[in-house]
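A.B. asks: sequence first, then the predicted structure:
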Number of protein chains: 2
Amino acid sequence: MSIFFDLLSRIPFSVVHGSSIFSSSTVIAITVFFTLICACIIIGHLLEENRWANESITSLLLGLVSGAVVLAVSKGHSSKILVFNEELFFIYLLPPIIFNAGFQVKKKQFFKNFSIILLFGVLGTIISFCLISLGAFLLFKKIGVTHLGVQDYLAVGAILSATDSVCTLQVLSQEETPFLYSAVFGEGVVNDATSIVLFNAVQKLDLSDITAMTPLSLAGTFLYLFFSSTALGIAVGLLSAYIIKALYIGRHSTDREIALMMLMAYISYLIAELISLSGILTVFFCGIVMSHYTWHNITESSRITTKHSFATISFISETFIFLYVGMDALDIDKWKESKASAGTSIAVSATLLALVLIGRASFVFPLANLSNFTKRGSEKIECRKQFIIWWAGLMRGAVTVALSYEEFSDSGESSSSEHSLMITSTIIVVLFSTLVFGSVTKPLIEALLGRNAVSAVSDATDIPSLEDLRLLFLETEGQSEEVNHQRKGSKFRFLISHPTWTAHHLWRKFDDKFMRPVFGGRGFVPYEPGSPTGAADRSHEH
Amino acid sequence: MSIFFDLLSRIPFSVVHGSSIFSSSTVIAITVFFTLICACIIIGHLLEENRWANESITSLLLGLVSGAVVLAVSKGHSSKILVFNEELFFIYLLPPIIFNAGFQVKKKQFFKNFSIILLFGVLGTIISFCLISLGAFLLFKKIGVTHLGVQDYLAVGAILSATDSVCTLQVLSQEETPFLYSAVFGEGVVNDATSIVLFNAVQKLDLSDITAMTPLSLAGTFLYLFFSSTALGIAVGLLSAYIIKALYIGRHSTDREIALMMLMAYISYLIAELISLSGILTVFFCGIVMSHYTWHNITESSRITTKHSFATISFISETFIFLYVGMDALDIDKWKESKASAGTSIAVSATLLALVLIGRASFVFPLANLSNFTKRGSEKIECRKQFIIWWAGLMRGAVTVALSYEEFSDSGESSSSEHSLMITSTIIVVLFSTLVFGSVTKPLIEALLGRNAVSAVSDATDIPSLEDLRLLFLETEGQSEEVNHQRKGSKFRFLISHPTWTAHHLWRKFDDKFMRPVFGGRGFVPYEPGSPTGAADRSHEH
């Protein structure tokens, strides 16, 4: 909430101060924002059945409208009651969203598609980064933007490679299209981490000392960050599971369990940032471990509470961010600062948008076909799905805006007008992609997959593998004898040709034998009769 | 979280900055605080069975220890990583605590004892305020404190009349001693509001223009604040109930319901503060209305979630506050500023503590005996209970510290050394009362009420009245015919002699006929089969 305090010095309408103990500007800002979030919730609910709208679009538009109102009230002085602040975004708003993503993800699907997710999220983001940087470098000069340095172009590549999957996930269904959901979702999380890591690497890059080793050292940094961040997240998650299991905290108070889970998850993010790791990756894996172990060690009502309250906090943060970006778009100081004509603005924005489209296409289709080489018939990613994956990652969101501010808001330099131009162009790309692409997504996916064809198309990759697994590991089952007999000899061959399932099998064995007895988890906590499991299941409905 | 940002400029140990996007001082402060809260939770859990310790004492001591550690690390420069800030306290930490108090209070008991609660909370606080102000005025001159003005003495009275019931409520049980719990709890909330209103009135007081009308105008202000704050809280609560009932938001998403309840409750507090009402009263009554109507309109899992997450947030805020006060106590700048000898410090603190003891005794015993005149035998407040009520309100806590900073931290004046002395003395009173009185409370209550004698003693006021009610209103019941017959004639007399029950009866009729059909509530929402009511009930266990 930092932001609320370096703000509103610019709000023009004065307020009766009264007996209030604290400064009323702060209170006004929070009141306005929270009221707007309430409005978003209600409007979002009313538009739930609408095929064009969704929550992101609603809050973005509401933000734009409120920005316009403030602009009108202040007679053109300022459009906002809050100054966009990366600290607010990265310390308070982003962690709950990513943690909740890890906490609610279907782990089986996620790890089953892990290779594809890593391929798209890491290699894909790097390809996109290179293409956008190169494209901007080559094209911007023709538009008339000449003062940007190499570092700026690289930063633009990193900034615009950060996808925003929140909007798409409101459209894709985890039940109907599990493969697409987990691929897009997983890619989104890994992509966030990759682009932030790339961005940090670019910021630290010493341009005077670029050798052939630079890419290698970048790759080394990336691998180090990836593995140590993941390890930290897993360690904190396991620690929370162990503490809650060993002390049986729910005996005295369910509130303590919930508080402990929330605080430890948040601490994992903060520690990662303190030791310069990727907090996003850390808190994501902390969420996965907590939902696998810790969540099963707490009481039934704590389970329901954590599941819903994490989702609620994440939901509020998302709405807040979109409102924020919407309001920020009308900041006229920035538009004045950029000094660019409407034509230049549009040209830069259009170029960036085209680069985003091309950059994503240039890795989704090749990489999907590459991965198809290693798959059997039904597991292949067909054309329609490739198209949806491409489309689902086109939206740009709050991470993009935040990184753009971080890179380009250091005013006082000679090139500050072009820096402002980059910020405004980024905001236009975010607005356009979210509003236009976002509203088309739902009808598009419906048209491509079809309401009734969904089960035929989407679950194709899931069913045969599950069958294989059952045949493979439940050896003493009497039924389906002939199939069993037919395949039993090829068990070893199956394990080799299905590395994912093999890994999963080995992991389950390891988990049951060593991990769960220590850290708890499903089946390792005494079952409580009469527990409201139905309610816990119903919580997935959202 | 404002505080985190005007801080740590004073922390002496530097940190490797790394690739982190935001300032690491902020992150360090939050990390340290959250880690300490985790430690408090775990230690509090381990000490649960201990009869001397409780959560408040644990966090206060842990705060003191961490303050000492920081002081040692910084080689005597500073004891804290956070500067105490009233804004943080009044905007972020206090509202969830008070809202949760209203949300979890047993409404029947609360309104049954409403007259006693108002008597103690309003009249009692005013008596205490007058006595402490007068006492300080008469005694401080003898100690050598001479530079304080009349306004300062009045402020001291208001500051030290604010009780802290958090600590006691961890000891009293809502199930075992419902009367004591609701009396102490209710008084605590009304007392908070009264002392803040008194404090604000004192701050606005124009000393040059005191006439006979001043007390009357103060009383008028108080009544206006009391009723309009209450009305605002009720209005926002009813609005939330109506929105959720009319739109049936849980159909699409439980998260929206939860978010809406949280945000609207918080908005009620903010609006009250904006229009200079008492946010505490508003959010308290908003909590009561929400638990009576809104809570019944949401889905079963939202009910469990809200109940627990509100309690958790409140719990975290409380722990945070005590840690904060503990750490703040070792702020050596303030001790140096006060320039007082140890003797003067101790004399002032001891005087204040004695005034607190006398001030509370001087209204608890007379008012309790006054109320006994209007009661029948078993409803009278006996001596032991009067003593417990007196003792339970002796602790002073965060509200006292926050108000003390508000009044005395405006440095730069000539009398600033005595102002600092007042702050340090207030902190000593808070520490002493919480640590010493707090740790004695549990054994004391056990000794007075007795482990086994509890039901005989405590529920005495409850049982006959309930019986009366059943006889009175369930007229068609065939059983217990003779008693029924015996009392039926005296129905009117009963109604007159039991105004509380009469009011309750009329309210129930009104509620069922007009309110619940519009705003929902128990029995006016379709029952969902298989709902985990057991889990909801278990949530009371805490």
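C.D. replies: Looks like it arrived, so ask away.
A.B. asks: is it true that A:Leu118 touches A:Val190?
C.D. replies: Yes - contact criterion CB atoms under 8 Å: A:Leu118 and A:Val190 qualify, at 6.5 Å. (Each C-beta comes from the backbone N, C-alpha and C, glycine too.)
A.B. asks: tell me which of these two has more neighbours.
C.D. replies: More neighbours surround A:Val190 than the other of A:Leu118 and A:Val190, with 23 against 16 (other CB atoms under 10 Å in any protein chain shown).
A.B. asks: so what's the more buried one closest to, chain neighbours aside?
C.D. replies: Among residues not flanking A:Val190 along the chain, A:Gly121 sits closest, at 2.7 Å (CB to CB, 6 or more residues apart in numbering or on different chains).
A.B. asks: local confidence estimate at the one you found?
C.D. replies: Looking at A:Gly121, its pLDDT reads 88.
A.B. asks: now do the one 10 residues further on
C.D. replies: Residue-level confidence at A:Leu131 comes out at 93, pLDDT.
A.B. asks: for A:Gly530, same thing?
C.D. replies: Note on A:Gly530: pLDDT of 38.
A.B. asks: for A:Phe310, same thing?
C.D. replies: 93.
A.B. asks: straight-line length of stretch A:513-521, end to end?
C.D. replies: Criterion CA to CA, to the nearest Å; first-to-last residue distance in stretch A:513-521 is 12 Å.
A.B. asks: what residues does the stretch 101-250 of chain A have near chain B?
C.D. replies: A:200-201, A:203-204, A:243, A:247, A:249 (CB under 8 Å from any CB of the partner chain).
A.B. asks: buried subset of those, written for PyMOL?
C.D. replies: In PyMOL, this line selects whichever of those come out buried by 16 or more other CB atoms under 10 Å in any protein chain shown:
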select buried, chain A and resi 200+201+203+243+247+249
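A.B. asks: what is the nearest of the residues of the stretch 101-250 of chain A next to chain B to chain B?
C.D. replies: If you rank these by distance to chain B using CB to the nearest CB, A:Asn200 comes first, at 4.1 Å.
A.B. asks: what helix or strand is the closest one located in?
C.D. replies: helix A:178-204 (DSSP states H and E).
A.B. asks: could you point out which element follows that helix?
C.D. replies: helix A:213-247.
A.B. asks: and that next one, what does it pack onto?
C.D. replies: Helix A:213-247 sits against helix A:178-204, helix A:254-274, helix A:279-289, helix A:295-297, helix A:516-519, helix B:24-46, with contacts defined as 3 or more CB pairs under 8 Å, 6 or more residues apart in numbering or on different chains; DSSP states H and E.
A.B. asks: what's the most buried one of those helices?
C.D. replies: Stretch with highest mean neighbour count among the helices and strands packed on helix A:213-247: helix A:279-289 (a mean of 29; mean count of other CB atoms under 10 Å in any protein chain shown).
A.B. asks: report whether it contacts chain B.
C.D. replies: No - figure legend: helix A:279-289 not in contact with chain B (CB under 8 Å from any CB); closest approach 8.6 Å.
A.B. asks: what about the residue nearest to A:Val190, how many neighbours?
C.D. replies: 23.
A.B. asks: and the residue in the stretch 151-300 of chain A positioned nearest to chain B, helix, strand or coil?
C.D. replies: Per CB to the nearest CB, A:Ser276 is where the stretch 151-300 of chain A lies closest to chain B, at 3.0 Å. At A:Ser276 the chain is in coil, as set by DSSP: H, G, I helix; E, B strand; the rest coil.
A.B. asks: re earlier: dump the residues of the stretch 101-250 of chain A next to chain B to CSV, plus pLDDT.
C.D. replies: Shown next, in CSV, are these (pLDDT from 0 to 100):
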residue, pLDDT
A:Asn200, 78
A:Ala201, 77
A:Gln203, 77
A:Lys204, 73
A:Ile243, 91
A:Leu247, 84
A:Ile249, 73
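A.B. asks: the stretch 1-150 of chain A: helices as residue ranges?
C.D. replies: Assigned by DSSP state H, counting those that start in this stretch, the helices in the stretch 1-150 of chain A fall at A:24-46, A:55-73, A:86-87, A:94-104, A:107-112, A:114-118, A:125-143, A:150-160.
A.B. asks: weakest of those in terms of mean pLDDT?
C.D. replies: Among those, helix A:86-87 scores lowest, at a mean of 75.
A.B. asks: quick one: contacts for the residue nearest to A:Val190?
C.D. replies: A:186-191, A:193-194 (CB atoms under 8 Å, 6 or more residues apart in numbering or on different chains).
A.B. asks: do you know how far it is from A:Ile280?
C.D. replies: Distance, A:Gly121 to A:Ile280, using CB to CB, to the nearest Å: 12 Å.
A.B. asks: cool, A:Gly124 as well?
C.D. replies: 17 Å.
A.B. asks: kindly report the same for A:Val202.
C.D. replies: Distance from A:Val202 to A:Ile280, by CB to CB: 17 Å.
A.B. asks: go on, A:Val156?
C.D. replies: 21 Å.
A.B. asks: and the residue nearest to A:Thr230 when sequence neighbours are not counted, what does it touch?
C.D. replies: Leaving aside its chain neighbours, A:Thr230 sits nearest to A:Phe285 (5.0 Å; criterion: CB to CB, 6+ apart). A:Phe285 makes contact with A:102, A:229-230, A:233-234, A:237, according to CB under 8 Å, 6+ apart.
A.B. asks: shared neighbours of A:Gly121 and A:Ile280, anything?
C.D. replies: A:189, A:193.
A.B. asks: sorry, back to before: present the helices of the stretch 1-150 of chain A as a markdown table; the columns should include distance to B:Ser420.
C.D. replies: Conversion of the helices of the stretch 1-150 of chain A to a markdown table gives the following (distance: least, CB to CB, whole Å):
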| stretch | distance to B:Ser420 |
| --- | --- |
| helix A:24-46 | 27 |
| helix A:55-73 | 42 |
| helix A:86-87 | 32 |
| helix A:94-104 | 39 |
| helix A:107-112 | 56 |
| helix A:114-118 | 59 |
| helix A:125-143 | 56 |
| helix A:150-160 | 50 |
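A.B. asks: and these: which comes nearest A:Thr254?
C.D. replies: helix A:94-104 (17.7 Å; CB to CB).
A.B. asks: just how off-centre is that closest one within its chain?
C.D. replies: Its chain's C-alpha centre and that of helix A:94-104 lie 8 Å apart, by CA atoms, centre = their mean, to the nearest Å.
A.B. asks: one more: stretch A:326-338?
C.D. replies: On CA atoms, centre = their mean, the centre of stretch A:326-338 falls 26 Å from that of its chain.
A.B. asks: how about the nearest residue to A:Val145, chain neighbours excluded?
C.D. replies: A:Glu418 is the one closest to A:Val145 (CB to CB, 6+ apart), at 5.8 Å.
A.B. asks: got the contact list for the one you found?
C.D. replies: Per CB under 8 Å, 6+ apart, neighbours of A:Glu418: A:145, A:147-148, A:338.
A.B. asks: give me the distance between it and chain B.
C.D. replies: Computed with CB to the nearest CB, to the nearest Å, the distance linking A:Glu418 and chain B is 22 Å.
A.B. asks: A:Ala354 too?
C.D. replies: In terms of CB to the nearest CB, A:Ala354 sits 28 Å off from chain B.
A.B. asks: and if you look at A:Phe33?
C.D. replies: Distance from A:Phe33 to chain B, by CB to the nearest CB: 10 Å.
A.B. asks: would you agree that residue is in contact with A:Gly326?
C.D. replies: No - applying CB under 8 Å, one finds A:Phe33 not in contact with A:Gly326, separated by 11.7 Å.
A.B. asks: quick one: the helices in the stretch 351-500 of chain A?
C.D. replies: A:383-392, A:398-408, A:416-432, A:438-449, A:454-458, A:463-473, A:481-488, A:491-497, A:499-510.
A.B. asks: show me what the fourth one is packed against.
C.D. replies: Packed against helix A:438-449, as judged by 3+ CB pairs under 8 Å, 6+ apart, are the following elements: helix A:55-73, helix A:166-169, helix A:383-392.
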